[in-house]
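A.B. asks: Predicted model follows, preceded by the sequence.
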Amino acid sequence: MKFLIKIIIMVLFLASVTFGKEVATVTALKGDATLERDSATLVVNLGDKLQEKDAITTGDKSKVQIIFDDETIVTIGKNSNFSINEYLFEEKQEPVVRFGMLKGAMRTITGKIGKIAPDKFSVETKSATIGIRGTNFAVLVGEDGSNEIYCTFGAISVSINGAEHIINQGFFIEISALGVVEVREFTPTQLKKMQKDNFADSGSKNPDAKQNFGVDTTGQLDTTIDKVGIVVIKDATQETRDATQIAAAEEEAARIASAEEAARIAAAEEVARIAAAEEAARIAAAEEAARIAAAEEAARIAAEEEAARIAAAEEAARIAAAEEAARIAAEEEAARIAAEEEAARIAAAEEAARIAAEEEAARIAAEEEAARIAAVREAARIAAAKEAARIAAEEEAAEEEAARIAAEEEA
């Protein structure tokens, strides 16, 4: 169980490291666009989640619409480079929005952050920093570094080298490549031309865009409808306002604001639905990871038990082999001892035979010696007897000679 818990914690930790904080969703896409994230280049697809520090680059005749967590809507025009330099929208923390525009065109319908903390909402270009006062605006950045910034609703603050310019709705500020600044009023014709040149339609790259996100790709990319065809998002830049239209525009602005609010609610609901689906997918993935971890743990335990069984069998075989070796060694030792005892018995028998042979030889020698001595004694006796007989004979002869002599003498 501890191993399983460690696996789950590891999976959740890796997930938190691998996936950054998601702050926005791609809700409409036309043409080709790429995403730069952590030194990697990814293809932008409808429904992609964006993170802080992401940068989007659009191609020719391309356009991307993004909805952020605070319901800010950003439309990126063709041949543009847009970056999310900083974004924070969480409870009990001060919100902040800081976008970057290196080149191209973008327009914005500000969301909750623009209402509750407009001073924390800014767009930075090489030449200027744009602040907002609860508004809709468009930014064009030329290849030569020139800027055109249009205010289509509310008011914006543009800071250039520390100098602040307030641009009200119906006006735009132009900053040349040499830094020359000019504020002018735009006409409906100028606004439409700007929209056509930078945000024109090019045919949807994703034919399922309407089905997946309710985006009507036949009209302006910023116009979004729900499943029953009710308009819920409409970019304020679709309205043309000049100095003579401002009064009438206020009523229209209220209608647009209501539509925008409905759009933001629908977008928030869609984001919540997607987030719920992602959370369900994450939970399912975590459960699958837990199941796999449990299966792996069960397999590991089974492997350990099998290894223990094999080890026990090997130990039993080793003990049996040791006992057999001990038995064989004991038998060999007994055979060795028996052989040694037999050798000792044979040696003792041989020694006894040798001693017996020596004793027999000694007996025979003694008998032979006794026989020799007896023979010598017998020879000596015979010799003595013969000598005694000779002496007796000689004495007998001497006596006979003496008797003869005597006889002779007698005679």
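C.D. replies: It's in. Please read all numbers here as calculations on a predicted model, not as lab measurements.
A.B. asks: what comes up buried for the longest strand along the chain?
C.D. replies: Looking across the chain with DSSP state E, the single longest strand is strand 96-109. By 16 or more other C-beta atoms under 10 Å, the buried positions in strand 96-109 come out as 96-101, 103-109. For the C-beta atoms, the positions are set from N, CA and C on the backbone; glycine is no exception.
A.B. asks: where in the chain is pLDDT low?
C.D. replies: Across the chain, the ranges flagged by pLDDT under 70 are 1-19, 133-134, 200-257, 260.
A.B. asks: what are the ranges of the helices in it?
C.D. replies: 2-18, 112-116, 188-199, 209-213, 246-410 (DSSP state H).
A.B. asks: What residues sit buried inside the second one?
C.D. replies: Going back to what we said before, that points to helix 112-116. K112, I113, G114.
A.B. asks: Confirm for me that the second one is in contact with Q93.
C.D. replies: Right, I113. No: using C-beta atoms under 8 Å, I113 is not in contact with Q93, being 11.6 Å away.
A.B. asks: thinking again about what came up before, could you dump the helices of the chain to a markdown table with distance to S176?
C.D. replies: Shown next, in a markdown table, are those (distance: least, C-beta to C-beta, whole Å):
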| stretch | distance to S176 |
| --- | --- |
| helix 2-18 | 45 |
| helix 112-116 | 28 |
| helix 188-199 | 17 |
| helix 209-213 | 38 |
| helix 246-410 | 28 |
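A.B. asks: Which one, of those, ends up nearest to D69?
C.D. replies: D69 lies closest to helix 246-410 among the helices of the chain, at 7.1 Å (C-beta to C-beta).
A.B. asks: Who are the packing partners of that closest one?
C.D. replies: helix 2-18, strand 22-30, strand 73-76, strand 224-225, strand 231-233 (3 or more C-beta pairs under 8 Å, 6 or more residues apart in numbering; DSSP states H and E).
A.B. asks: Count the residues that sit near L88.
C.D. replies: Using other C-beta atoms under 10 Å, L88 has 17 neighbouring residues.
A.B. asks: and it, what does it touch?
C.D. replies: E94, P95, V96 (C-beta atoms under 8 Å, 6 or more residues apart in numbering).
A.B. asks: one more time with 7 Å
C.D. replies: P95, V96 (C-beta atoms under 7 Å, 6 or more residues apart in numbering).
A.B. asks: Look up which residues are beta-bridged to it.
C.D. replies: In this entry, L88 is beta-bridged to V96, by DSSP bridges.
A.B. asks: Could I get the full set of strands for the stretch 51-200 of the chain?
C.D. replies: Ranges of strands within the stretch 51-200 of the chain are 55-58, 63-68, 73-76, 81-88, 96-109, 121-124, 129-132, 136-141, 147-153, 155-160, 163-168, 171-175, 181-185, based on DSSP state E, counting those that start in this stretch.
A.B. asks: helices and strands around the fifth one, which ones?
C.D. replies: Counting contacts by 3 or more C-beta pairs under 7 Å, 6 or more residues apart in numbering; DSSP states H and E, strand 96-109 is packed against strand 73-76, strand 81-88, strand 121-124, strand 136-141, helix 188-199.
A.B. asks: Ok, the third one next?
C.D. replies: Contacts of strand 73-76 with other secondary structure elements, assessed using 3+ C-beta pairs under 7 Å, 6+ apart, are made with strand 63-68, strand 96-109.
A.B. asks: Distance from the chain centre to it, please.
C.D. replies: Chain-centre distance of strand 73-76: 37 Å, with C-alpha atoms, centre = their mean, to the nearest Å.
A.B. asks: Next: stretch 117-136.
C.D. replies: With C-alpha atoms, centre = their mean, you get 42 Å for stretch 117-136.
A.B. asks: same question, stretch 313-333
C.D. replies: Taking C-alpha atoms, centre = their mean, one finds the center of stretch 313-333 at 47 Å from the center of the full chain.
A.B. asks: Please apply the same query to stretch 113-125.
C.D. replies: With C-alpha atoms, centre = their mean, you get 40 Å for stretch 113-125.
A.B. asks: Next: stretch 43-59.
C.D. replies: Averaging C-alpha positions (C-alpha atoms, centre = their mean) puts stretch 43-59 26 Å from its chain's average.
A.B. asks: List the buried residues in that stretch.
C.D. replies: Buried residues in stretch 43-59, counted by 16+ other C-beta under 10 Å: V44, L46, D48, K49, L50, Q51, E52, D54, A55, I56, T57, T58.
A.B. asks: Who are the contact partners of the residue nearest to E52 when sequence neighbours are not counted?
C.D. replies: In space, and not counting its chain neighbours, E52 is closest to Y87: 5.1 Å by C-beta to C-beta, 6 or more residues apart in numbering. Counting by C-beta under 7 Å, 6+ apart, Y87 makes contact with V23, E52, F68, V97.
A.B. asks: Check the burial of A266 by counting its neighbours.
C.D. replies: Neighbours of A266 under the rule other C-beta under 10 Å: 19.
A.B. asks: Apologies, that question was intended for T72.
C.D. replies: Using other C-beta under 10 Å, T72 has 25 other residues around it.
A.B. asks: Contact partners for the closest residue to it other than its chain neighbours?
C.D. replies: The shortest distance from T72 to any non-neighbouring residue, by C-beta to C-beta, 6+ apart, is to G111 (3.6 Å). By C-beta under 7 Å, 6+ apart, G111 lies in contact with F68, D70, E71, T72, R264.
A.B. asks: same check, this time on E124
C.D. replies: Counted by C-beta under 7 Å, 6+ apart, E124 has contacts N85, R98, G100.
A.B. asks: switch to 10 Å and redo it
C.D. replies: S83, N85, R98, F99, G100, M101, L102, I130, V139, S159 (C-beta atoms under 10 Å, 6 or more residues apart in numbering).
A.B. asks: Perfect, I'm done here.
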